[in-house]
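>>> okay, predicted coordinates and the sequence, questions at the end:
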Amino acid sequence: MTSAHRATNSSILSALQELGTTWRWGSPPTLFTISHTPPKPTVPAVLAGSVGGHTPLGLLEHWIDRCRRHRGIVHTQRDLGVNAVAISFEQDGQHVAYAMDRAGVQYLALGRQHASEWHLTSGTDVLAATLLPDLFTERLAELVWRLAGPPPPAPGSRIRDMWPTAGLLDLDEDELHERFAVPPPTEGHTRLVAVASIDGLAAVHGSSTALTSTGDQRVYRLIKRDADLLLLGAATIRAERYGQTILSAPEVARRRANGLPPYPAVAVVTRSLDLDLTGPLFRRGTGRHTPPRPILIVPAAAATDGNTAVAEHAEILVAGEHDVDLTRAVRLLQDRGHRRIVCEGGPSLAGQMAQADLLDEICLTIAPQVLAVAGPRITADSATQPASGEWQLSRSLLDEMGNVFLRYARPS
């Protein structure tokens, strides 16, 4: 945790303690917003008190509904620089002040009437002491997402438009999301995300880590956040020790509010099931919302080779006889409701997807590096004929470090 994060955490806990020391016992549940803008003191501002006998949970749900109906409320609060949202109420003779910031960190202050000491804590799951339901956290997370928005971009990841319209201002998260949004597809949409150096390399020693940047990761995370399913080749899983990206509570709330499950599914194309079942992808998460078990797409020949141990860690999906039939695999995944598929590669899988005409879009990051070593391109395949069709550039963007983000669509 950086010193800035520690300062924010301490400031929010201090604000909650202030709520407790100034609380008038017998007051109804009250919502507050908290803005941390050093060197100004962090002072909680009243957003709304309970009306009509709202319970704490009812007050949260009432304000979520208001935010859904009135975008002006959202714009006003974001313009004020809200960092966290808090709710203050009484329960079983104690005062509870519970907050969550834009990164999903939770804060809790507990105190009793006429008591001078307060119990202050922060973390990712602090409600155990209150016996409040998990739904309480989910509702606060959605309100935080709506009123505070996402955390500010990491250093080096500010992004601007280049084409079709050049931009003079950095894009916030909502604007960047609009640049990469995909309308809800009726039959399915498959997008390849890739990064390459100026001289065309997509990986070094099987991994793209050397090419990534904070700007690339910002775009990459945004695209994944809206996916139904992430599709990868087994070689990428092995080389990068791939595991699911853990989402914050507000990110999960955003997905659920948009009709998506808490996490995208992950599907791995493998001919042999030669995977490390102790690797990050197969580790079971804890908590209310965790990534689903991965799907392993295999040919029938591999599915018959005694895979009881594999079945304990993943779901097996058969597509093809002696090799994976990618066309059939994509169709089976879409039939299961995975309409928005993001293919993360590697190069072999990306090449096969292109040859099979299964890609609708390519989002390519050009990293400002010349590696001048041997290595793969973003696609690699044994086919002797080039894939058909030209692609149309639909958008380009640039970050402050010189990474160029290109969005190509297949001609309709």
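Sure thing, it's come through.
>>> contacts for the helix or strand containing residue 349, please.
Take DSSP states H and E as the rule and residue 349 turns out to sit in helix 347-355. Helix 347-355 has contacts (CB atoms under 8 Å, 6 or more residues apart in numbering) with 190, 192, 194, 202-203, 231-233, 235-236, 269, 326, 343, 359, 376-381, 383, 387. For glycine as for every other residue, the C-beta is placed from the backbone atoms N, C-alpha and C.
>>> strands - which of those residues land there?
190, 192, 194, 231-233, 269, 343 (DSSP state E).
>>> could you dump those into a markdown table with distance to residue 106 added?
Shown next, in a markdown table, are those (distance: CB to CB, whole Å):
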| residue | distance to residue 106 |
| --- | --- |
| 190 | 36 |
| 192 | 36 |
| 194 | 36 |
| 231 | 33 |
| 232 | 32 |
| 233 | 37 |
| 269 | 38 |
| 343 | 35 |
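>>> which residue is nearest the centroid of the protein?
residue 225 (3.9 Å; CA atoms, centre = their mean).
>>> gap between it and residue 403?
19 Å (CB to CB, to the nearest Å).
>>> what residue of the chain is the furthest out?
Outermost residue of the chain (CA atoms, centre = their mean): residue 114, 43.0 Å.
>>> let me see the backbone angles for it.
phi 70, psi 10 (degrees, to the nearest 10).
>>> just residue 71 next, same as before
Residue torsions, per degrees, to the nearest 10, at residue 71 are phi -70, psi -20.
>>> how many residues are close by it?
10 (other CB atoms under 10 Å).
>>> surely the residue nearest to the centre of the chain and residue 253 touch.
No. With contact defined as CB atoms under 8 Å, residue 225 does not count as touching residue 253 (11.6 Å).
>>> contact partners for residue 238?
206, 275-276.
>>> report the distance from the helix or strand harbouring it to the chain centre.
Assessed by DSSP H and E, residue 238 sits inside helix 234-240. Distance of helix 234-240 from its chain centroid, counting by CA atoms, centre = their mean, to the nearest Å, is 21 Å.
>>> which helix or strand lies directly C-terminal to that helix?
helix 249-257.
>>> and that following helix, what other elements does it pack with?
On a contact count with 3 or more CB pairs under 8 Å, 6 or more residues apart in numbering; DSSP states H and E, helix 249-257 meets helix 134-148, helix 214-225.
>>> residues of that helix that come out buried?
249-256 (16 or more other CB atoms under 10 Å).
>>> thinking again about what came up before, with residue 193 as the reference, measure out to the residue farthest from the centre of the chain.
58 Å.
>>> kindly report the same for residue 56.
From residue 56 over to residue 193 (counting by CB to CB), the distance is 41 Å.
>>> kindly report the same for residue 168.
Relative to residue 193, and taking CB to CB, residue 168 is found at 27 Å.
>>> between those two, which is the more surrounded one?
Set side by side, residue 168 and residue 193 show more neighbours around residue 193, with 23 against 6, by other CB under 10 Å.
>>> tell me, how many residues neighbour the residue nearest to the more buried one when sequence neighbours are not counted?
In this structure, residue 193 finds its nearest non-sequential neighbour in residue 363, 4.8 Å apart by CB to CB, 6 or more residues apart in numbering. Using other CB under 10 Å, residue 363 has 19 neighbouring residues.
>>> now swap in the one 10 residues further on and tell me
Counted with other CB under 10 Å, residues neighbouring residue 373 total 10.
>>> give me the distance between the two termini of stretch 232-243.
Chord length of stretch 232-243, first to last residue, is 11 Å (CA to CA, to the nearest Å).
>>> let me fix that, I meant to ask about stretch 321-341.
23 Å.
>>> kindly report the same for stretch 261-272.
29 Å.
>>> residue contacts, residue 315?
Contacts of residue 315 (CB under 8 Å, 6+ apart): 293-296.
>>> now do it against residue 244, distance only.
For residue 315 relative to residue 244 (CB to CB), the value is 15 Å.
>>> so what's the gap between the helix holding residue 349 and the chain middle?
25 Å.
>>> do stretch 395-411 as well
20 Å.
>>> for it, buried residues please.
Result for stretch 395-411 [16+ other CB under 10 Å]: buried residues 395-399, 401, 403-408.
>>> same deal with stretch 142-152?
142-151.
>>> can you list contacts of it?
Contacts of stretch 142-152 (CB under 8 Å, 6+ apart): 31, 33, 47, 60, 63-64, 67-68, 73-74, 77-78, 82-85, 100-104, 172-174, 249-251, 253-254, 256-257.
>>> can you mark which positions in stretch 74-89 are buried?
74, 77, 82-89.
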